[in-house]
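This is a predicted model, with the sequence first.
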Amino acid sequence: MTITTIFLSFLLLLFGHANSESQLNDKEQTVLLKLKQHWQNPPSLSYWQNPQSLSHLNSSHHCNWPEITCTNGSVTQLLLQNKNINQTVPPFICDLKNLTVIDLSDNFISQEFPKALYNCSKLEELDLSQNYFNGTIPVDINSLSHLRRLNLGANNFYGNIPSSIGQLTELRTLQLFQCAFSGSLPREIGNLFKLESLQLDYNVNMTAAELPSSFTELKRLKVLWITASNLNGEIPDTIGEMEALVHLDLAINNLTGKIPSSLFMPKNLSIVFLYRNQLSGEIPRVVEALNIDIIDLSDNKLSGSIPDDFGRLRNMTGLSLFFNQLSGKIPDSIGSLTSLMFLKVYSNNLSGTLPPDFGRYSMLVELKVADNKLEGKLPEHLCDNERLVGVVAYNNNLTGELPKSLGNCNGLKVVTVYNNRLSGDIPSGLWTSLNLSVLILSDNSFTGELPQSVARNLSRLEINNNKFSGKIPVGVSSWRNLVVFEASNNLFTGTIPLELTSLPYLTTLLLDQNRLSGSIPSDIISWKTLKTLNLRRNKISGLIPLELGNLAGLTELDLSENQISGPIPPQLGLLRLTLLNLSSNLLTGRIPIQFENNAYASSFFNNFALCASKPTLNIRKCESEVEPQKSSKHPSQCLVLIICMVAAALLGLLASLFVVRFHRKRKHGLDSTST
């Protein structure tokens, strides 16, 4: 063979390959444009058009479209997630012979499982999630024998998950979450020995059943996620033998019994979610999974103490154990964890003092220890790293002052420490912390005065049952976003400032049981949303402002045990009050007619100058309402009685005159005889 012949053969081969590639490109392009047309030309694919050239350098070539991935010039991946496709998957999609990946997730496709995809002989990844597919998963799903990833989650598939799915032995990822499946989980899934991720969460219609023990045979499994799928019974003891496990989520089920002692043994374990079950007994004491990031065992029936080994978890960012029956002390070592950001252990029976180093070495974000039996002080270093967002420590036996570090904590949003034995003044910077929205200090022994200004975002301020004193500052008008202001049972003095009535979003105002005096402001600036006003047991005098009757949203009004005088404004009768108490004041006049019913029978006690037209309110009748005497019903008898009384009076008078005259005559006769 001559060199010329060889060269010509090479040219023919090269030309043939180029021609073959050109034909393949033309065919694939035709299929893609046909797909676009079948899906009614969605705007998201508007640039799918015939290219001017088949050059791979041409940006309009289909291999350069963002949704298309080509290998060796042929389409291998079709990535069409979130393209507003609302038509079916057509059979000719498999005319793209080299397809290995089809992703149609997050669209609006409604049909049964497209069995035509069985003709995509090289398909390795199929994602139909977040659509409206319906019907059952076909029992011959194993026809897609090359699948490595299958995601059918968040659709309307129902019926049983077919056991044949356990024959897809090449699967690495199986996602069947958030569907309408019934029946129980097929144990055959445990045959998928190459499986690395299994996601079956939020299948709320599943038949209540135990977690198949065969699942724990999946030694390569990294993610086991079966939240809210009606699991019951106990967690298999062999779960700790899943040596590759990283993410375990069996939350929101009805699992019972103890947590297996081996649970924290897999070396790579990072996430443990077992919250909202019925698990009981103690938390496993031995922890070998030192890479754990988050543990959430909340809302169970766990007892015993918090394991000391949790203090070895240097990578742990979150520990949630709330709503259990745990007792004993929080290990001091947990307070020294450098990665800890969230500690939620509220609603247990924990006692002792809080670890003093909380916040000192870590970027602590939330400390929630409420509803326990904790004592001692709140840790001083809580906000040393200025990441703290919430301190929730109510219903304990905490003592001492609030940590001064809270006064320099601009990230704080929530501080709720009510019902403790805390005392002292509030750190000045806390009142004005930039992001503070909720501050609840009630039922302690705090002292000091209210500031002129508070945090701009403060919406809820509750300081009931403390020893705060001084006047309500006129600067209260700047507390613009306040919705709830509760300051009952303190030592406040002075008058209620007019500025307090300017708060536009206030719904609840409690100032009862203080030493406030003066009158209620008659000029109410705003209070358009006020629902509850309680000024009981102060020294308030003056009149009830008729402007209160213009507060259309007011449903609870308590002005009792003051020195308020004058009439009750008739405008109050127009309100839809579910609670009204004006007792023990100096009110006068008639009560509004709307209040003359048994619902307000105890609203007016100890106002002796008040009156009503009905006796059911336990106050006197108004004089204008006193009924005439019964005799007035017989005018003729009354007239006779009056005439008789007049006649008797005249006869008496005449008799008196006669006696006097007779006496004078007798005396005159005697005088004449003696002369």
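Here it is on my side, so go on.

Go ahead and confirm residue 501 touches residue 521.
Yes: if you go by Cβ atoms under 8 Å, residue 501 and residue 521 touch, sitting 5.3 Å apart. C-beta here means a position set from N, CA and C on the backbone, and glycine is covered the same way.

So which of those two has more stuff around it?
Between residue 501 and residue 521, counted using other Cβ atoms under 10 Å, residue 501 has the larger neighbour count: 22 against 19.

I'd say residue 435 and residue 409 touch.
No: taking Cβ under 8 Å as the contact criterion, residue 435 and residue 409 are not neighbours in contact, 9.3 Å apart.

When the two are compared, which one has more neighbours?
The residue with the greater number of neighbours, taking residue 435 and residue 409 and applying other Cβ under 10 Å, is residue 409; the counts read 26 against 15.

can you map out the strands along the stretch 101-250 of the chain?
Taking DSSP state E, counting those that start in this stretch as the criterion, the stretch 101-250 of the chain contains strands spanning 101-103, 125-127, 134-135, 149-151, 156-159, 173-175, 180-181, 197-199, 209-210, 223-225, 231-233, 247-249.

same question, the stretch 501-650 of the chain
In the stretch 501-650 of the chain, the strands defined using DSSP E, counting those that start in this stretch lie at 508-510, 517-519, 532-534, 539-542, 556-558, 563-566, 579-581, 586-590, 609-611.

CSV please, covering these and showing distance to residue 451, mean pLDDT and mean neighbour count.
As requested, those are exported to CSV (distance: least, Cβ to Cβ, whole Å; pLDDT from 0 to 100; neighbours: other Cβ atoms under 10 Å):
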stretch, distance to residue 451, mean pLDDT, mean neighbour count
strand 508-510, 18, 98, 21
strand 517-519, 22, 97, 15
strand 532-534, 23, 98, 20
strand 539-542, 24, 97, 17
strand 556-558, 27, 98, 20
strand 563-566, 29, 97, 17
strand 579-581, 31, 97, 18
strand 586-590, 35, 95, 16
strand 609-611, 40, 92, 18
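
Residue 79: which of those strands is closest?
Closest of these to residue 79 is strand 508-510, at 53.4 Å (criterion: Cβ to Cβ).

ok, the closest one: who's next to it in the sheet?
strand 484-486 (parallel), strand 532-534 (parallel) (DSSP bridges).

now the end-to-end length of stretch 481-500.
Criterion Cα to Cα, to the nearest Å; first-to-last residue distance in stretch 481-500 is 12 Å.

Use 489 as the first number for this chain going forward.
With the count now opening at 489, the last piece we talked about shows up as stretch 969-988.

What's the mean pLDDT across that stretch?
Per-residue pLDDT over stretch 969-988 has a mean of 97.

Please report phi then psi for residue 861.
When quoted as degrees, to the nearest 10, the phi and psi of residue 861 stand at phi -120, psi 40.

residues contacting it?
Contacts of residue 861 were listed using Cβ atoms under 8 Å, 6 or more residues apart in numbering, and they are 837, 838, 839, 884, 885.

Can I get the buried part of the residues you listed as one PyMOL selection?
Only the buried entries of the contacts of residue 861 go into this PyMOL selection, using 16 or more other Cβ atoms under 10 Å:
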select buried, resi 838+884
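
could the contacts of residue 861 be laid out in JSON lines, adding distance to residue 803?
Putting the contacts of residue 861 into JSON lines (distance: Cβ to Cβ, whole Å) gives the following:
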{"residue": "837", "distance to residue 803": "28"}
{"residue": "838", "distance to residue 803": "24"}
{"residue": "839", "distance to residue 803": "28"}
{"residue": "884", "distance to residue 803": "29"}
{"residue": "885", "distance to residue 803": "33"}
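
now, the most widely separated pair of the contacts of residue 861?
The largest separation in the contacts of residue 861, counting by Cβ to Cβ, is between 837 and 885 at 12.5 Å.

Can you tell me which of the contacts of residue 861 comes closest to residue 733?
Distances from the contacts of residue 861 to residue 733 were compared by Cβ to Cβ; the smallest belongs to residue 838, at 29.3 Å.

residues contacting the closest one?
794, 814, 815, 816, 817, 818, 857, 860, 861, 862.

Among the residues you listed, name the buried ones.
Listed as buried from the contacts of residue 838 are 794, 814, 815, 818, 857, 860, 862; burial here means 16+ other Cβ under 10 Å.

Can you say which two of those are spatially most distant?
Greatest spatial distance among the buried ones among the contacts of residue 838 (Cβ to Cβ): 815 and 857, at 13.8 Å.
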